[in-house]
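> coords please:
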Amino acid sequence: MDNQRVAIVALVVSICLFSLFLLYLRSKPARPHVASPSGGEEQATTRGASREKQTTPTTSGGRNTGTSTQMGSSLPTTPGAVPGAVNGKAGTNGLSPLEMTGEQPDLPPVRLTPDTAAQLEEKASRIREHRRKVLDASESWMREKLNDENLTGKTREVYRLRLLPDMKEGIRLLEASDFQGALRAFDRALDDPDASAVSKYLIYDYMLQAAARMKDKMLFANLLKSQGDLQRDNDLGVLGLEKSSQAADYAEYMSEHLKAANDRAALDRIVERDMKNMRATSSADRERVEADVRERIGEFEAYFNDRKS
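Coordinates of the predicted model:
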């Protein structure tokens, strides 16, 4: 009788141990395998990395649910992990954690209240007033320099040029390749009460450059003639120029030759005048004189082209 009881107890104990062993096998996660360079698989060599901590079966109310072990092994163990992620990479299924799932409403336009608009206008008004005061103070200072006898005439003329806003505007437009606008601004500067003969001569220099860059030969010639008249009638010693009519005569001479470049009648008038001065009458003389005239035309056109830069 005692032997039967011992056998029964042994059988029960064996069954319990076998059940526990099966539960252990089912709850133990599979070990990761790493592909070897040769195409095979090998187990991780580090003992601590290969051993996985056994997952404790989830219980509910103190009882084993029977499926908690399998579910626990398939769920992520790191907080915030995305299902389907492998080795820190996002899975191919499901939305990204930052992806918008619905349309976002448009932001309402910002509108200034009357008070805010008034404040901005007041600030802009203060800025304009400050700039006006600075410009007035600068102009007063430069006008004082114009009457300072301790300064050279050249220095005073430099200060005078700074009092011509249209000249500065013309230079700006010329640099921007707005030649028509530059010429209009320079023309206004010529009529400025603060413009002296020296100022006007320098303004003509800029106007000649604009005409050359416009490729307008006749405008260039007329401006050169006006500049020559200015030198004939005014003292430009500050610029190192003598009061003389030579510049005006040269400009007139250049003007008629530039016109003759595209005007056969103008060319014939120059040839006949030169033949008369030389007292030449033969056809051979005429050919030689006409060749000389055409050579001079080429020289004047080269001078015109040089002023483009």
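
> Show me what counts as buried in stretch 241-251.
If you call a residue buried by 16 or more other Cβ atoms under 10 Å, then stretch 241-251 has these buried ones: 247, 248, 251. (Glycine included, C-beta is placed from N, CA and C.)

> ok, now stretch 180-189?
Judged by neighbour count (16+ other Cβ under 10 Å), stretch 180-189 contains these buried residues: 181, 182, 183, 185, 186, 188, 189.

> Same check on stretch 168-180?
169, 170, 171, 173, 174, 179.

> Can you name the residues in contact with that stretch?
Residues from elsewhere that reach stretch 168-180, judged by Cβ atoms under 8 Å, 6 or more residues apart in numbering: 162, 181-183, 185-186, 189, 203, 206, 209-211, 213-214.

> Okay, and which of those map to helices?
Among the contacts of stretch 168-180, the members falling in helices (DSSP state H) are 181, 182, 183, 185, 186, 189, 203, 206, 209, 210, 211, 213.

> Could you dump those residues into TSV with distance to residue 228 and pLDDT added?
TSV is the format used below for the ones in helices among the contacts of stretch 168-180 (distance: Cβ to Cβ, whole Å; pLDDT from 0 to 100):
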residue	distance to residue 228	pLDDT
181	26	96
182	21	95
183	18	96
185	22	96
186	17	96
189	19	94
203	14	95
206	16	93
209	16	92
210	18	94
211	15	93
213	21	92
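
> ok, these vs residue 260, which is closest?
residue 211 (18.3 Å; Cβ to Cβ).

> Let me know whether the closest one touches residue 220 as I believe.
Yes - if you go by Cβ atoms under 8 Å, residue 211 and residue 220 touch, sitting 4.2 Å apart.

> The stretch 151-300 of the chain: helices as residue ranges?
Assignment of helices within the stretch 151-300 of the chain using DSSP state H, counting those that start in this stretch yields the ranges 153-161, 165-175, 179-190, 197-213, 217-233, 246-260, 264-278, 283-306.

> Report the angle between the last one and helix 217-233.
Think helix 283-306. 80 degrees (axes from the mean of the first three to the mean of the last three Cα atoms, to 10 degrees).

> next one: the second one
Compare the direction of helix 165-175 with that of helix 217-233 by the same axes, to 10 degrees and you get 150 degrees.

> Show the contacting residues for residue 129.
So residue 129 contacts nothing (Cβ under 8 Å, 6+ apart).

> Give me the local confidence score for it.
pLDDT for residue 129: 73.

> In which helix or strand does it reside?
helix 114-146 (DSSP states H and E).
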